[in-house]
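Trainee: Could you work out the structure for the sequence below:
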Amino acid sequence: MKRIIAIILTCFLIASALSSCGNSGGTREGRTLFIYMCGSNLETKQGLAGKNIDELLAADTDGLNIVIQTGGAKTWRSHNISESNNQRYEIKDGKLKLLKNLSQENMGEAETLTDFLKWGQEEYPTENNMLILWDHGGGSAKGVCFDENYSYDALTLTELNSALKKANLNNKFDIIGFDACLMASIETAAMVKDYAKYMIASEEIVPSGGWDYKSVVKAFASGKSEKKIGRQICDSFMKKCKDHEQELFSTLSVFDLSKLSPMLKKFSEAAEYLNRVSGTKNYFSQVLNAARQSEKFGVDNVFDGSSNMVDFIDFSNLVIIFDLFAYKEKDDFVVYSVNSGERNNSGVSFFYPLNVEQKEIEEYISLGICKEYNDFLSKYYLNAPDTTIEFKDRGSITSDGAFKVSLTEDSHKYLASVNYLLLNKDKDGNQRVISSNVDTVNDWDKLIFKSDFKGVVPALKGHRMYSKLHVDREIFLDYECPAIVNGKKTYIRYYYTFEDKSYFLPGTCDGIDKNGLPINEFRSLKNGDKIRLATDTSLSGDKINYGKEFVFNVDDNVTKIRLDGKEYQYVFVATDIFGKSYYSDTATFKKQGNIFRAIKTEPYTTE
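Mentor: Numbering: from 1, shown residues only. I've put the predicted structure just below:
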């Protein structure tokens, strides 16, 4: 009898062990962290993926399975990872173990992610799982995971949704995280909500160090609730940013995806409202102005264009949709969020085409997130007339020596901004832009714009700065100036606050790379930095002159200096929502005593 019992127990133990094997199709207790690591140029140029792997290797895994698929980079700078093959690794006992060599496949294709997820749940059929997508992020219309080996092809949100669907997951991920820029949007959440309980992502560009992976491992291995895990990941991320002085523009949010539906309902109601009122006089331009004044993320400057990601709640506040404020819905949906405290962001963004590219809008509409918003985009952005802005008065001189222009009433609908260019001629007689600004006297109802030229421009340590407006808000103006800092081209970012009537200089940011991807870096200026500021550009903006080099001191700040010339040209530029510019006549301002007065006008020319 004892022998029979022993045989039965042995058979039971064997059966139990087999039922836990990866190919059984069931799930077992345990936790697995899956990382889809598309290295791209972040790894090729800076080795950033490898550095995050270093953090994983240094972590106390505490029984947690950690599985990584690598690929997407032309060069892997550490750990003998192949650039010729996609590879699958396991981290165990502080070592990176190669599990599988694959052919080189496009990490920006849905099938590649699907294959990884199918294999992953077969080999690690655990109950609690987390997926992190690691790489560049481009926002709702561009997607995530840009494969450097395939012309930076990316997983669009449609492809991401398809990959998750075709993986036939045994159970939802506890968390899907994006260690990537610009993915904390309503649209991203909508695409992953059926496949995860929670989502973690950033509205903004993620600094080059990315998440703190020692803390990610510790948090997920702890077995705490998804909300607490997300909170721990966010807090450790912000601490890492602060330790590297990169916190100013850093954000990270945790989303309860079960609470998305009420947010989508508010989104639909807001879009319906926009459709209803945007046809009224001046209202569409007010909507557009609200989008431009809202907290925006990623690239948003006149040199590189816009990432088109706007904070949803900030936009709602500015467009004054009183009955449609989604505060409660947002608080239920965004359960935790961190930022530097200097931003007015709510933790969740949405796509608004500040820089209009038809392909992006069509891609966004194909997501099918919100019919009412798609109707709004189609009506105003895909069916516009060839000429959207017309001058009623191309330029005249007022009795007080100012220069004014006016636009036709129909220009309201598509008018995005009005600024001016201040010009002079170089030694070869070529026109150069020495300043571009918005400090004009404006009557937006009548579309009349008048100069307020005082003969001063911004300067840093007495060196004149050519700058253009980055963000125009009611309480501050945000500028960028091309510069060379320690031999590297970048942008100096600075603010002018109306309350203090003073400037604030946070540091530099690098815009986008040649592939149109945000560069993951924001840096403070430090004592001893060697700086050359842009002083002027060609009319096309492609040829920039830089001034003499000087050494920065942390006490230095932006001020205003008087121009030393006697005569300048002044042109108003009206820009429509598609980025097309319309130019007024040119006024010549001449210094008379201590003031500049317009003395003549003539047709604008690029000569």
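
Trainee: Which residues are in contact with the nearest residue to residue 141 once chain neighbours are set aside?
Mentor: Closest residue in space to residue 141, ignoring its immediate chain neighbours: residue 360 at 4.0 Å, by C-beta to C-beta, 6 or more residues apart in numbering. The C-beta positions use only the backbone N, C-alpha and C, and glycine is treated the same way. By C-beta atoms under 8 Å, 6 or more residues apart in numbering, the contact list for residue 360 reads 141, 142, 308, 353.

Trainee: Okay, helices next: where are they in the protein?
Mentor: With DSSP state H as the criterion, the chain has helices at 2-19, 40-46, 48-57, 110-123, 157-166, 186-192, 213-221, 226-243, 260-277, 283-293, 312-319, 327-333, 358-367, 371-381.

Trainee: tell me the most buried of those helices?
Mentor: Per-stretch averages of neighbours, counted by mean count of other C-beta atoms under 10 Å, single out helix 186-192 among the helices of the chain, with a mean of 25.

Trainee: Looking at it now, give me its mean pLDDT.
Mentor: Model confidence over helix 186-192 averages 98 on the pLDDT scale.

Trainee: follow-up on the earlier one: out of the contacts of residue 360, which is most surrounded?
Mentor: Neighbour counts for the contacts of residue 360 peak at residue 308, which has 29 neighbours (criterion: other C-beta atoms under 10 Å).

Trainee: can I assume it is in contact with residue 185?
Mentor: No. Judged on C-beta atoms under 8 Å, residue 308 makes no contact with residue 185 at a distance of 10.5 Å.

Trainee: Contact partners for the nearest residue to residue 589 once chain neighbours are set aside?
Mentor: Using C-beta to C-beta, 6+ apart and skipping residues adjacent in sequence, the residue nearest residue 589 is residue 596, 4.3 Å away. By C-beta under 8 Å, 6+ apart, the contact list for residue 596 reads 401, 453, 454, 455, 568, 589, 590.

Trainee: what's the answer for residue 391, then?
Mentor: Counting by C-beta under 8 Å, 6+ apart, residue 391 makes contact with 405, 406, 407, 408, 574, 582, 584.

Trainee: ok, what's across the strand from the first one?
Mentor: Read that as residue 405. Judged by DSSP bridges, the bridge partners of residue 405 are residue 449.

Trainee: for residue 82, what are its contacts?
Mentor: Contacts of residue 82 (C-beta under 8 Å, 6+ apart): 70, 76, 101.

Trainee: So residue 265 versus residue 50, what's the distance?
Mentor: 44 Å (C-beta to C-beta, to the nearest Å).

Trainee: ignore the last one, residue 224
Mentor: 29 Å.

Trainee: just residue 385 next, same as before
Mentor: 52 Å.

Trainee: And for residue 579?
Mentor: 38 Å.

Trainee: before we move on, back to that, quick check: neighbours shared by residue 308 and residue 185?
Mentor: 139, 140, 351.

Trainee: Neighbour-wise, give me the winner out of those residues.
Mentor: residue 139 (31 neighbours).

Trainee: partners of it in the sheet?
Mentor: residue 143.

Trainee: per-residue confidence at residue 493?
Mentor: Per the predicted model, pLDDT is 88 at residue 493.

Trainee: ok, now residue 8?
Mentor: 35.

Trainee: Is there a neighbour count for residue 543? I'd like the number.
Mentor: Neighbour tally, residue 543, other C-beta under 10 Å: 11.

Trainee: Identify the bridge partners of the nearest residue to it once chain neighbours are set aside.
Mentor: Closest residue to residue 543 in three dimensions, ignoring its sequence neighbours and counting by C-beta to C-beta, 6+ apart: residue 537, at 6.4 Å. Taking DSSP bridges as the rule, residue 537 bridges to residue 433, residue 544.

Trainee: Could I get the pLDDT score of residue 537?
Mentor: On the pLDDT scale, residue 537 gets 93.

Trainee: try residue 325
Mentor: pLDDT at residue 325 comes out at 61.

Trainee: Also residue 515?
Mentor: 58.

Trainee: circling back: and the residue nearest to residue 543, how far from residue 186?
Mentor: Residue 537 is 37 Å from residue 186, by C-beta to C-beta.

Trainee: shouldn't residue 210 be in contact with residue 179?
Mentor: Yes. Contact criterion C-beta under 8 Å: residue 210 and residue 179 qualify, at 5.0 Å.

Trainee: which residues do these two both contact?
Mentor: 52, 134.

Trainee: about what we covered before: quick one: which of the contacts of residue 391 sit in strands?
Mentor: 405, 406, 407, 574, 582, 584 (DSSP state E).

Trainee: Now for those residues: which two are most distant?
Mentor: Spanning the widest gap among these are 406 and 582, at 12.6 Å by C-beta to C-beta.

Trainee: For residue 555, the count of nearby residues, please.
Mentor: Count around residue 555 with other C-beta under 10 Å applied: 7.

Trainee: hang on, I meant residue 251
Mentor: Residue 251 has 28 nearby residues by other C-beta under 10 Å.

Trainee: any weak-confidence spans in the stretch 251-400 of the chain?
Mentor: Where the stretch 251-400 of the chain drops to pLDDT under 70, the residues are 279-282, 299-306, 320-326.

Trainee: how near is residue 551 to residue 506?
Mentor: Residue 551 is 19 Å from residue 506, by C-beta to C-beta.

Trainee: Show me which of the two is the more surrounded one.
Mentor: residue 506 (18 against 11).

Trainee: Chain neighbours aside, what residue packs nearest to that one?
Mentor: residue 248 (5.4 Å).

Trainee: Surely the one you found and residue 340 touch.
Mentor: Yes. Using C-beta under 8 Å, residue 248 makes contact with residue 340 at a distance of 5.1 Å.

Trainee: Just want to know which of these two has more residues nearby.
Mentor: residue 248 (21 against 16).

Trainee: Closest to residue 562 out of the shared contacts of residue 308 and residue 185?
Mentor: Looking across the shared contacts of residue 308 and residue 185 and measuring by C-beta to C-beta, the closest to residue 562 is residue 139, at 41.6 Å.

Trainee: Let me know whether that closest one touches residue 350 as I believe.
Mentor: No. The criterion here is C-beta under 8 Å, and residue 139 misses it with residue 350 at 9.7 Å.

Trainee: Mutual contacts of those two, please.
Mentor: Common contact partners of residue 139 and residue 350 (C-beta under 8 Å, 6+ apart): 185, 309.

Trainee: and the end-to-end length of stretch 510-530?
Mentor: End-to-end distance of stretch 510-530 (C-alpha to C-alpha, to the nearest Å): 16 Å.

Trainee: Leaving out the residues flanking it, which one is nearest to the residue nearest to the spatial centre of the chain?
Mentor: Residue closest to the mean C-alpha point of the chain, counted by C-alpha atoms, centre = their mean, is residue 298 at 2.6 Å. Leaving aside its sequence neighbours, residue 298 sits nearest to residue 307 (C-beta to C-beta, 6+ apart; 3.1 Å).
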